[in-house]
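A.B. asks: from the sequence below, what's the structure:
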Amino acid sequence: MDLLSRDPAAARPINPMWAFQKPSRYRNVIDTFLAGKMPNFSHEQHVDVANVLHHLPYGRELMHLGLQVMAYRHGIPEKYRPDITDPWWDRLDGTLPDPDSFADLPGGADGTRQADGASEALARLY
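C.D. replies: Presented below is the predicted three-dimensional model:
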């Protein structure tokens, strides 16, 4: 299916603000993925990122964008194939992953984790 021929209104959730509130715990994941800089990007992380993006408006398009940027950054643009990725989108269950599954990201899933694992908020308490 051509991504440009899709009805954009159909991609929007009923309450767009809810879509941005819940995945905010994953803002560092989204930013890092869209920048094409995910470290140790395994199949499991790919599915976890997809499930996070599944909750956002235009999540499918964001998934394609992130994969394309990553392929270009790694010098293998031919590795990105939307015809292979796209059919799997409808098979996602949308379950948000445990934020700790992104512990290898600098800053963690939300971008506030310190190097020792403590969050910025906890560091201010002590």
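A.B. asks: show me what counts as buried in stretch 60-79.
C.D. replies: Residues of stretch 60-79 classed as buried: 60-64, 66-71 (neighbour count, 16 or more other Cβ atoms under 10 Å). Where C-beta positions appear, they are placed from N, C-alpha and C, glycine not excepted.
A.B. asks: got those residues as TSV, with distance to P82 and secondary structure columns?
C.D. replies: As requested, the buried residues of stretch 60-79 are arranged in TSV below (distance: Cβ to Cβ, whole Å; DSSP: H, G, I helix; E, B strand; the rest coil):
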residue	distance to P82	secondary structure
R60	10	helix
E61	10	helix
L62	13	helix
M63	9	helix
H64	5	helix
G66	12	helix
L67	8	helix
Q68	8	helix
V69	13	helix
M70	13	helix
A71	11	helix
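A.B. asks: taking the centroid of the chain, which residue is nearest it?
C.D. replies: V49 (3.7 Å; Cα atoms, centre = their mean).
A.B. asks: turn the buried residues of stretch 60-79 into CSV, including distance to T85.
C.D. replies: Formatted as CSV, the buried residues of stretch 60-79 follow (distance: Cβ to Cβ, whole Å):
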residue, distance to T85
R60, 9
E61, 11
L62, 12
M63, 7
H64, 7
G66, 10
L67, 6
Q68, 10
V69, 13
M70, 12
A71, 11
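A.B. asks: picking that back up, any idea which element the residue nearest to the centre of the chain lies in?
C.D. replies: helix 43-53 (DSSP states H and E).
A.B. asks: in that helix, what's buried?
C.D. replies: For helix 43-53, a neighbour-count test (16+ other Cβ under 10 Å) marks 45-53 as buried.
A.B. asks: one more: stretch 101-109?
C.D. replies: 102, 105, 107-109.
A.B. asks: just name the closest of the buried residues of stretch 60-79 to R27, please.
C.D. replies: Using Cβ to Cβ, L62 is the member of these that sits closest to R27, with 13.0 Å.
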